[in-house]
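Asker: Please find the sequence and the predicted model below.
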Protein chains: 2
Amino acid sequence: MSVTIRDVAKAADVSATTVSRVFNHSDLVHSDTQERVRNVANRMGYRPNATARSLSHGRTQTVGVILPAPHGEFFSEIIRGIDEVAQEAEHYMLISSSHYSLSESEAALQSLQGRVDGLLIMTIQADAQRGLLDEYAIDVPVVFMNNASESLPYNSFKIENRAGGYAATQHLIERGHRRIGIILGPPHSHDVRERRRGYRAALHEAGIDPDAQPVIEGDFTQASGYEAGRRLLELDTLPDAVFSCNDYMAIGAMSALQKRGVRIPTDLAMAGFDDIPSAQYTTPALTTIRVPVYDLGRHAAERLFSMIHAADPERPRQTVLPTELIVRAST
Amino acid sequence: MSVTIRDVAKAADVSATTVSRVFNHSDLVHSDTQERVRNVANRMGYRPNATARSLSHGRTQTVGVILPAPHGEFFSEIIRGIDEVAQEAEHYMLISSSHYSLSESEAALQSLQGRVDGLLIMTIQADAQRGLLDEYAIDVPVVFMNNASESLPYNSFKIENRAGGYAATQHLIERGHRRIGIILGPPHSHDVRERRRGYRAALHEAGIDPDAQPVIEGDFTQASGYEAGRRLLELDTLPDAVFSCNDYMAIGAMSALQKRGVRIPTDLAMAGFDDIPSAQYTTPALTTIRVPVYDLGRHAAERLFSMIHAADPERPRQTVLPTELIVRAST
DNA sequence: GCCACATCGCGAATCGTTACACTCATAAGA
DNA sequence: TCTTATGAGTGTAACGATTCGCGATGTGGC
């Protein structure tokens, strides 16, 4: 069906090896021959078969990306970061989403095995995931975009979740608020747990009882934030301020509150987390904790490629990504 | 290095053929043998090499997706739709982004060739793109997620852009506005052109001179919308209403306007296009034209898989995706 | 005792490309 | 003149799985 390297070889009256060399190590073949082969190849419409190529030298030119979800501004930004680096390195992205489920994440890990040169993984429970690598004897470089346990021999990135939660809460306290609620994310999320810890620590330090504050559950979506906003309205008294574990929920909550006439920040101050692109375009613009999401994607991908190209394995590192308080009009 | 089918065969004391049969045509081998082989395979950590498999029977279990960009809520939703279907069909998504450039799109097309079983393409200039398919003799099924020319033998989806632009504008007129500006998207975008046509038609019909209305250029990003908002403020008189060619820009523009004290919808009404998830959570919630973006992804992917699995080629169809006016608080 | 059928093996070819180990000139050096 | 080196190109064996054509068993039914 398709024209193969041997067809070209025959037509150009050289060996298949020579044709292969023209496309791979062109310095090994005479320029005249090269030109002839190239012409013939073009004329015949020859395109090297990527699959055969992969099989032959064990490189797929593809990296696997496993994310909780393939959409939303947060993951979107990560993908953008990875995409940028991958394109420079002439690699493709095979994206697989676990839908926040550990078993799906496991399935993705298994079936991605063998089709990629490396793996970039983000799960909500990095702790649980890491065991799988041993179990399934993953033999390609892996970079975790969450914090795996520090003791484990994997490359990973650690967002300063606790410091971020602390900074956001402290900021709210400084603004004079005493009754500060929190909107949580998915229950098993390590990130959420840490952000909450920072929140509690800040309250505690200021002499405010963390256990007396309103706690609303969410799942990181705008819709759940909206729902959280409605729950806040049902409370006997509205809190002075709310720390939302991500921006999407903060946006949803603000929407629900504003719809009922609650003025932000006058009646209630709102702080988010992540600093997704949309955060600066809400009304009022959202005070939040900036997470270098795009950089996370970029750095993780860069790390992965350096592992892929390295002759001998580098020592795994855990990189800390700093968070930063961005004060806008919502507080 | 890795454990092969022959290793398993040896260990399970069967032939490689049998092992292969276990994993492919399991009905041809006795259940006892099957179990034994499966156990051994598991114990040894055998994973069939996907590349070899692909080479052998010409299927990659992968579909290629070419989008202008891999991020943002619009493309994000498309990806979600495709992802859903692909996962059901046990296929992977190879995502490639053209960064709104035709040449990059071309490059992606070329190099995706041979690594995928089918292609889902969205470009800003579908007209220019379609020629490439012939030129590069793409031999896998292709579905365009934009409207290719109706005369061409490709499957494609057509968003009712013109009707949408018309509906949005007419709605603004019905609300009593007479001076209605427009924020455009990327200059070469076919979608933008059509939306603008609808906008102009509605104005014309209402006896309003389209050429007398403010026109601001944008590029579909929130940032460009924000900039557009600032430009509006520099005009001698603010228009009564604005139709933005997508939601992201509408959100950006609202942000800039509100920051300067412009009340929406009292001082200025704003309508967007797309109905991205965020549109319902802005303050005020955004009136917009709903495009079934998620469905577009789903349907396109479903169509693609039906082509991939079909024995004989089906006749290409052009499917029209209806748009719908969603009235919210911004008008 | 014969036949049908289920189960499995064997060897070899195939998919398209790449890499190793050569050969064969021709040129340079002593 | 006889090595020795070098540039240019070839032949063939991988890479790992699937598939095909047979053929070899063994089992059960009648």
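Answerer: Here it is on my side, so go on.
Asker: Stretch A:222-238: which residues count as buried?
Answerer: Neighbour counts using 16 or more other Cβ atoms under 10 Å in any protein chain shown place A:Gln222, A:Ser224, A:Gly225, A:Tyr226, A:Glu227, A:Ala228, A:Gly229, A:Arg230, A:Arg231, A:Leu232, A:Leu238 of stretch A:222-238 among the buried residues. Just so you know, the C-beta spots here come from the backbone N, C-alpha and C atoms, and that holds for glycine as well.
Asker: Can you get me a residue count around the closest residue to the first one other than its chain neighbours?
Answerer: In other words, A:Gln222. In space, A:Gln222 comes closest to A:Gly252 once its chain neighbours are excluded; the distance is 4.0 Å by Cβ to Cβ, 6 or more residues apart in numbering or on different chains. The criterion is other Cβ atoms under 10 Å in any protein chain shown. On that basis, A:Gly252 has 27 neighbouring residues.
Asker: which residues touch A:Gly252?
Answerer: With contacts defined as Cβ atoms under 8 Å, 6 or more residues apart in numbering or on different chains, the neighbours of A:Gly252 are A:Thr221, A:Gln222, A:Ala223, A:Ser224, A:Gly225, A:Tyr226, A:Glu227, A:Ala228, A:Gly229, B:Tyr281.
Asker: any idea which of those is closest to DNA strand D?
Answerer: Closest approach to DNA strand D among the contacts of A:Gly252 (Cβ to the nearest atom of the strand): A:Thr221, at 39.7 Å.
Asker: wait, the closest one sits on A:Asp247?
Answerer: No: in this structure A:Thr221 lies outside contact range of A:Asp247 using Cβ atoms under 8 Å: 11.4 Å.
Asker: which one of the two has more residues nearby?
Answerer: Neighbour totals were compared for A:Thr221 and A:Asp247, and A:Asp247 leads with 27 against 18 (other Cβ under 10 Å).
Asker: Can you read off the pLDDT for the closest residue to the more buried one other than its chain neighbours?
Answerer: Computed as Cβ to Cβ, 6+ apart, the closest residue to A:Asp247 that is not its neighbour in sequence is A:Gly272, at 4.0 Å. Taken from the predicted model, the pLDDT recorded for A:Gly272 is 98.
Asker: any low-confidence regions in chain A?
Answerer: Low-confidence segments of chain A, defined by pLDDT under 70: A:1, A:126-137, A:148-151, A:311.
Asker: Which segments of it make up each domain?
Answerer: A:5-48, A:61-157+A:293-320, A:161-290 (automatic domain parsing).
Asker: which residues does the residue lying closest to A:Met145 once chain neighbours are set aside contact?
Answerer: Counting by Cβ to Cβ, 6+ apart, A:Met145 lies nearest to A:Met122, which is 4.0 Å off, once chain neighbours are set aside. With contacts taken as Cβ under 8 Å, 6+ apart, A:Met122 has the following neighbours: A:Ile66, A:Leu67, A:Pro68, A:Ile78, A:Phe144, A:Met145, A:Asn146.
Asker: which of these has the most neighbours?
Answerer: For the contacts of A:Met122, neighbours tallied by other Cβ under 10 Å; top is A:Met145, 29 neighbours.
Asker: correct me, but that one touches A:Tyr154?
Answerer: No: with contact taken as Cβ under 8 Å, A:Met145 and A:Tyr154 are classed as non-touching, separated by 11.1 Å.
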